[in-house]
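**Q** 3D model of this:
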Amino acid sequence: MSQRNSDGKRSAREALQEQRAQEQARAKRKRTLVVAGGVVGVLAVAAVIGVVVADHNDNRGDAIGSPAAAPSGATGKDSLVIPVGAADAPSTLTIYEDFRCPACDAFEKQFTPTIHALEDSGQLRTEYHLATLIDGNLGGTGSLNAANAAACAQDAGKFRAYHDVLYDNQPDEQDDKFADKNTLITLAGKVPGLKTAPFADCVNDGTHDSWVQKSNAAFGSSGFNATPTVLLNGKSIYGQNAQLTPASLKQMVSAANKGKQPGKVTAAPPS
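**A** Residues are numbered from 1 along each chain as shown. Got it, this is the predicted structure:
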């Protein structure tokens, strides 16, 4: 996988290790990061470490008790899940992520083709939970604004494609470029049919901001403290002994689906 730095040939695993070192250094400086118990333990074994925060309250705002406009088709408790793939797929991949999170970007670059193939063959349904940890840790509103824009794309039936565009164009962690709503609207031009007046209004008005805040608050209460957190049928995909790869993820799904019929895929979402 190519990376957006001078060492474009490094593996995603090496990039994640570097990100881990950066996060550890930041923890010493700011004293705001904590180790997320068993979750970080399994992530460290797999050499995949995400953003870990001590206090989710920084970015909850007025989420609790405020009206939350869920995007079209959102499911789950309080409609906080954005689903991709067949509703009756035999396996479910749950992903908690933040559009500003570099480790999330590294995960997506390595695993997105495999995940999409499994979705498009009816083997897997992916459920996205959007978080805003980087905003809370480093300041800014890029995580919130990008998540709102992704929810606006969900309203237009184009979440998956726009989700991928956001990660393909993720700025440096310290650069809060996604706080600029015009940037988010411009990026919609990379998804056929998405850059429309209703989408722009949704982004500019922050239509789903309260929903994103509720999603982040729910993540803060979930027992998971790092992004990306990835579960297959409720269990962490990070094994105790072997490095996770796209091939091993595919094998996990195949084993979980043994003897089960694939879900009904009505139409393959645009990639």
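
**Q** give me the mean pLDDT for stretch 248-260.
**A** Averaging pLDDT along stretch 248-260 gives 96.

**Q** swap in stretch 156-171?
**A** 98.

**Q** check stretch 264-271 too.
**A** Per-region confidence: stretch 264-271 scores 65 on mean pLDDT.

**Q** so what's the backbone phi/psi at L184?
**A** Here is the backbone geometry of L184 (degrees, to the nearest 10): phi -70, psi -40.

**Q** ok, it - contacts?
**A** By Cβ atoms under 8 Å, 6 or more residues apart in numbering, the contact set of L184 is N145, A146, A149, L166, F178, V203. For every residue, glycine as well, the C-beta is placed using N, CA and C.

**Q** can you put those in TSV and add neighbour count, secondary structure and distance to V265?
**A** Below are those laid out as TSV (neighbours: other Cβ atoms under 10 Å; DSSP: H, G, I helix; E, B strand; the rest coil; distance: Cβ to Cβ, whole Å):
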residue	neighbour count	secondary structure	distance to V265
N145	26	helix	31
A146	31	helix	27
A149	31	helix	26
L166	22	helix	24
F178	26	helix	31
V203	24	helix	29
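
**Q** out of those residues, who's nearest P228?
**A** Using Cβ to Cβ, L166 comes nearest to P228 of these, at 13.9 Å.

**Q** name the nearest residue to that closest one, sequence neighbours excluded.
**A** Leaving aside its sequence neighbours, L166 sits nearest to F99 (Cβ to Cβ, 6 or more residues apart in numbering; 5.1 Å).

**Q** again, but for V165
**A** Closest to V165 by Cβ to Cβ, 6+ apart is K190, at 4.8 Å.

**Q** that neighbour: how many residues sit nearby?
**A** 15 (other Cβ atoms under 10 Å).

**Q** just the buried residues of stretch 168-178, please?
**A** N169, Q170, P171, E173, D176, F178 (16 or more other Cβ atoms under 10 Å).

**Q** check contacts around the closest residue to the first one other than its chain neighbours.
**A** Taking Cβ to Cβ, 6+ apart as the measure, N169 lies nearest to L187, with 5.7 Å between them; neighbours along the chain are not counted. With contacts defined as Cβ under 8 Å, 6+ apart, the neighbours of L187 are Y162, V165, L166, N169.

**Q** what is the helix or strand where the second one lies packed up against?
**A** Counting by DSSP states H and E, the element that carries V165 is helix 159-168. For helix 159-168, the elements it packs on are strand 82-84, helix 102-120, helix 142-155, helix 181-187, judged by 3 or more Cβ pairs under 8 Å, 6 or more residues apart in numbering; DSSP states H and E.
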